[in-house]
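Colleague: the sequence and its predicted three-dimensional model are supplied below.
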Amino acid sequence: MNASGAGFALALGMGAACLWVGAVCGETCGARVIGVDPAVADTTVEAFFCRGFGQTFVAADTLVQSISIWRPALPALDGQPRYLFITETDSLGKPDIRRVLLAGLSLVRLVGDGTHPVEYAFLFEPPFALPRRGEFFFDIQADANGAFEIGLSSRGV
């Protein structure tokens, strides 16, 4: 995925994963969104037992305001935490787990309405600063005893 402009927000549909990354750049420009709208999610992946799913993204700015993923509408109640990790990538664009930038920020959204996908918005106040512009990797991971689904688009849009 590629983000252009001074600020960005990432929305991946992992596969194309349904994620939004938001970036800011001050008063001179607006936030940009990169990624996939959760409305196009047509399948899911399951994170379980300290495993996760993620995607690389290209950041045209260094400040990240938010990262969001969505779970399916059902089950309406889900107490499983989602853990966010951000790493750098190697020269081939693969995640480099030796260069972790953010480790294990957790988020729980217990209640959904049973009809609409449930957003997990990791908000950064102040914005999270990437070390430079370029390609990075984010991962959403389950805990040691947990399992949950993440919505994605099989079309890679």
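Modeller: Thanks, I have it.

Colleague: where are the low-confidence patches of this structure?
Modeller: Along the chain, segments meeting pLDDT under 70 span 1-35, 156-157.

Colleague: show me where it has its strands.
Modeller: Taking DSSP state E as the criterion, the chain contains strands spanning 9-11, 19-23, 33-35, 43-48, 52-59, 63-71, 82-89, 95-107, 118-129, 134-141, 147-152.

Colleague: contact partners of the fourth one?
Modeller: Counting by CB atoms under 8 Å, 6 or more residues apart in numbering, strand 43-48 makes contact with 14-15, 17, 53, 72, 82, 140-142, 146-154, all of which sit outside it. To be clear about C-beta, it is placed using only N, CA and C from the backbone, and glycine gets the same treatment.

Colleague: chain center to stretch 38-50, what's the gap?
Modeller: A distance of 12 Å separates the centroid of the chain from that of stretch 38-50, by CA atoms, centre = their mean, to the nearest Å.

Colleague: pull out the buried positions in it.
Modeller: Of all the residues in stretch 38-50, those buried under the rule 16 or more other CB atoms under 10 Å are Pro38, Ala41, Thr44, Ala47, Phe48.

Colleague: and the end-to-end length of that stretch?
Modeller: The distance separating the two terminal residues of stretch 38-50, taken as CA to CA, to the nearest Å, comes to 24 Å.

Colleague: one more: stretch 82-95?
Modeller: Terminal residues of stretch 82-95 are spaced 19 Å apart (CA to CA).
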